[in-house]
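1. just coords:
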């Protein structure tokens, strides 16, 4: 059976789809090559949805930082040495990190504190706000909920590759989209391996939203989707504030086949111009742990043929 690796990106504006597709594939290849895996040729497809919420993408060639199309972080094949800011800037960053910790870890950012939560989401996570609130956009002359339009992009891609063995990579908010889609919309398409990286599925706000949905519709989302067949691997860097609750296996129970989430702590080495970003997709995609999962997926079922071939030559 043919194999396909599919990626779905996370929150925020992105470069054009072709560029992002290329950068994700380069990141994956970089990890495979760096850790001496032989499987470095594969089919890759991107679920791109940033254009549903924005008229124009980011432009990697724009150098003016005041231009709305300016990209603050681009793909780099190897991380630069991290230069820690000092003095007042360092203290300011530490304060913001502590403040964010209190919002997420202490449970302030939850539906119990609706006004504070909605303000924070509105200012810093507008994509998530558009996804969870009844916001409409126009597609081909018809109005459609943002959430439905985004999920439809993923569903169309999965259906396109339904006759292949699929490894689905979901980064950041992409893991919320994937989880919603697999549980509710497309149970007939099998996902061999699901990999979430930098996932907010353990954040209090997402958990509270799922609890609210459970009361209203009796859909239990605290479970591994039934159509994930071989494994769900969740990768998180301990410094990634989006994935600060990295133990998803403590929250989402096994499916009926006994398949549980495998949580893996990794080191995301992405940095740009001396500033590290442990949430960046490119860094996750080239970690040794991620490369091992990709390589295992690509070589699976080849061993049987190789063994048969060796036995043939032995005779």
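-> That came through fine. Note that the structure is a prediction, hence the values are computed from the model and not measured.
2. CA only for contacts and neighbour counts going forward, please
-> OK.
3. remind me, longest strand of the chain?
-> For the chain, the longest strand by residue count, based on DSSP state E, is strand 228-236.
4. Could I get the full set of strands for the stretch 151-300 of the chain?
-> Taking DSSP state E, counting those that start in this stretch to define them, one finds strands in the stretch 151-300 of the chain at 165-171, 191-197, 228-236, 261-265, 271-272, 275-276.
5. So what sits opposite the residue nearest to the spatial centre of the chain in the bridge?
-> Centroid-nearest residue in the chain, with CA atoms, centre = their mean: residue 171, separated by 1.0 Å. Here residue 171 sits in beta bridges with residue 197, going by DSSP bridges.
6. Wait, it touches residue 24, no?
-> No - using CA atoms under 8 Å, residue 171 is not in contact with residue 24; the gap is 10.9 Å.
7. Overlap in contacts, the two.
-> residue 281 (CA atoms under 8 Å, 6 or more residues apart in numbering).
8. Give me the three-state assignment for residue 65.
-> Look at residue 65: counting by DSSP: H, G, I helix; E, B strand; the rest coil, its state is coil.
9. I'd like to know how many residues surround residue 142.
-> Neighbourhood size, residue 142 [other CA atoms under 10 Å]: 8.
10. The one 3 residues further on now?
-> Residues near residue 145, counting by other CA under 10 Å, number 17.
11. could we number from 466 for the rest of this?
-> Done: numbering now begins at 466, and the last item shifts to residue 610.
12. Could you find the closest non-adjacent residue to it?
-> The shortest distance from residue 610 to any residue other than its chain neighbours is 4.4 Å, reached at residue 601 (CA to CA, 6 or more residues apart in numbering).
13. So that neighbour versus residue 614, what's the distance?
-> 9 Å (CA to CA, to the nearest Å).
14. Of those two, which one has the most company?
-> More crowded of residue 601 and residue 614, by other CA under 10 Å: residue 614, with 19 against 16.
15. per-residue confidence for that one?
-> Note on residue 614: pLDDT of 97.
16. so residue 753 touches residue 494, yeah?
-> No - using CA under 8 Å as the test, residue 753 is too far from residue 494 to be in contact (11.5 Å).
17. higher neighbour count, those two?
-> Taking neighbours as other CA under 10 Å, residue 753 and residue 494 compare with residue 494 leading, 21 against 17.
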